[in-house]
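**Student:** My questions are about this predicted structure, shown below with the sequence.
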Amino acid sequence: MEIVDLEPTTLAAVRTSTSQGMVAHDIRAALDQVWAVIRSGRAATAGHNVAVYHGGFGDVEFGVQVAEAFEPVGDVRPATSPSGSAAHEVHFGPYGELGTAHSRLREWAQQHGLSDVVVEVYGDWTEDESELRTDLFHLLRSP
């Protein structure tokens, strides 16, 4: 775990709500919409898939880092990812195990002014789940 300065990035994202039991389904559905916009040429990818949790499952953005803002297409809108000081940890392994990594970060960050904003940046896909990389960022409250 380390403290980093999380830089903002432009996203093509669907903003929605979900629940812990539905997040895997809902992120796939949202990313299918985003990737359809990218494949159509209306937005240009510049990175990875991203999930932004604004205070929990009730307000989330599922998207892809893109090169620049674009005209909205249906539910897919340009957005800017959160920025600022964040507790950062890299998780290697199945997405279903992300909760454990988040718990470690929350425990540490609660002593240092944890905010309610969480960003997950998903690395490149691999069939070997043990090699799946997810960068977790829990933003810290400004002093």
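**Tutor:** Perfect, thanks for sending it. Numbering: from 1, shown residues only.
**Student:** Return the alpha-carbon coordinates of the helix or strand residue 25 falls within using PDB.
**Tutor:** For residue 25, the host element (DSSP states H and E) is helix 23-39. This file holds the C-alpha atoms of helix 23-39, laid out as PDB (Å, rounded to 0.1, in the frame of the first residue of the first chain):
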ATOM      1  CA  VAL A  23     -22.000  -5.600  -9.700                       C
ATOM      2  CA  ALA A  24     -20.400  -8.300 -11.900                       C
ATOM      3  CA  HIS A  25     -23.500  -8.400 -14.100                       C
ATOM      4  CA  ASP A  26     -24.000  -4.600 -14.200                       C
ATOM      5  CA  ILE A  27     -20.400  -3.800 -15.000                       C
ATOM      6  CA  ARG A  28     -20.400  -6.100 -18.000                       C
ATOM      7  CA  ALA A  29     -23.700  -4.600 -19.200                       C
ATOM      8  CA  ALA A  30     -22.300  -1.100 -18.900                       C
ATOM      9  CA  LEU A  31     -19.000  -1.900 -20.500                       C
ATOM     10  CA  ASP A  32     -20.800  -3.600 -23.400                       C
ATOM     11  CA  GLN A  33     -22.500  -0.200 -24.100                       C
ATOM     12  CA  VAL A  34     -19.200   1.700 -23.800                       C
ATOM     13  CA  TRP A  35     -17.200  -0.600 -26.000                       C
ATOM     14  CA  ALA A  36     -20.000  -0.500 -28.600                       C
ATOM     15  CA  VAL A  37     -19.500   3.300 -28.700                       C
ATOM     16  CA  ILE A  38     -15.700   2.900 -29.000                       C
ATOM     17  CA  ARG A  39     -16.000   0.300 -31.800                       C
END
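**Student:** So which bits of the following helix or strand past it are buried?
**Tutor:** The helix or strand immediately downstream of helix 23-39 is strand 45-54, counting by DSSP H and E. For strand 45-54, the neighbour count (16 or more other Cβ atoms under 10 Å) marks 48, 49, 50, 51, 52, 53 as buried. The C-beta positions use only the backbone N, C-alpha and C, and glycine is treated the same way.
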